[in-house]
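Asker: Whatever this is, show me its structure:
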Amino acid sequence: MKVLLDTHIVLWFLGDVEKLSKTTFAAIIEPANKKYISIVSAWELAIKINLGKLAFEGGIGHFFTMVEENGFELLSVKEDHIKHLETLPLHHRDPFDRLLLATAISEQMTFITADKNIAQYNVSLFT
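Answerer: This next block holds a predicted model:
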């Protein structure tokens with residue numbers, strides 16, 4: 001299974017793992033699953049770190065190192081992701097979440113999130 005992790009799921013996995021359910025944690029560490037982190041999550045983190053809304057020891061550089069060390073594949077934003085974004089209903093107003101959703105849909109990935117609002121979309125979910 002190809003999975004895309006929501007930003008908060010990545011953060012929990014990297015530093016607050018007890019917030020993850022056992023099934024979510026198992027899905028992330030399952031060797032058969034191909035795990036992706038979108039560059040959108042890094043962008044969101046960099047903005048929140050800069051605004052002082054989030055503390056991440058070592059900053060965004062350390063985030064990239066941890067992503068690589070944990071075997072996640074970093075996924076760039078593609079033209080098709082933006083095309084899917086344009087068609088998404090406005091159930092969720094967060095621009096980062098919307099682009100992550102569009103990415104998961106476009107790439108036919110299962111989206112791992114704890115955000116219950118995401119269920120309003122036609123996306124494969126692992127919650």
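
Asker: which stretches of this structure have low pLDDT?
Answerer: The chain contains residues with pLDDT under 70 at 127.

Asker: for it, what spans make up the strands?
Answerer: According to DSSP state E, the chain carries its strands in the segments 2-5, 34-38, 73-75, 110-112, 125-126.

Asker: Those: which one's closest to Met66?
Answerer: Set against Met66 and scored by Cβ to Cβ, the strands of the chain come closest in strand 34-38, at 9.8 Å. Any C-beta I mention is one placed from the backbone N, CA and C, and that applies to glycine too.

Asker: May I see the strands of the chain organised as TSV, with distance to Lys53 and mean neighbour count added?
Answerer: Listed next are the strands of the chain as TSV, based on distance: least, Cβ to Cβ, whole Å; neighbours: other Cβ atoms under 10 Å:
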stretch	distance to Lys53	mean neighbour count
strand 2-5	20	23
strand 34-38	19	22
strand 73-75	22	15
strand 110-112	22	21
strand 125-126	26	17
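
Asker: Need the ones you listed in CSV (columns: distance to Ala104).
Answerer: As requested, these are arranged in CSV below (distance: least, Cβ to Cβ, whole Å):
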stretch, distance to Ala104
strand 2-5, 5
strand 34-38, 9
strand 73-75, 10
strand 110-112, 4
strand 125-126, 9
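
Asker: Next one: the closest residue to His8 other than its chain neighbours from Leu54, what distance?
Answerer: Closest residue in space to His8, ignoring its immediate chain neighbours: Ala114 at 6.5 Å, by Cβ to Cβ, 6 or more residues apart in numbering. Using Cβ to Cβ, to the nearest Å, Ala114 is found at 17 Å from Leu54.

Asker: next one: Trp43
Answerer: As judged by Cβ to Cβ, Trp43 and Leu54 stand 13 Å apart.
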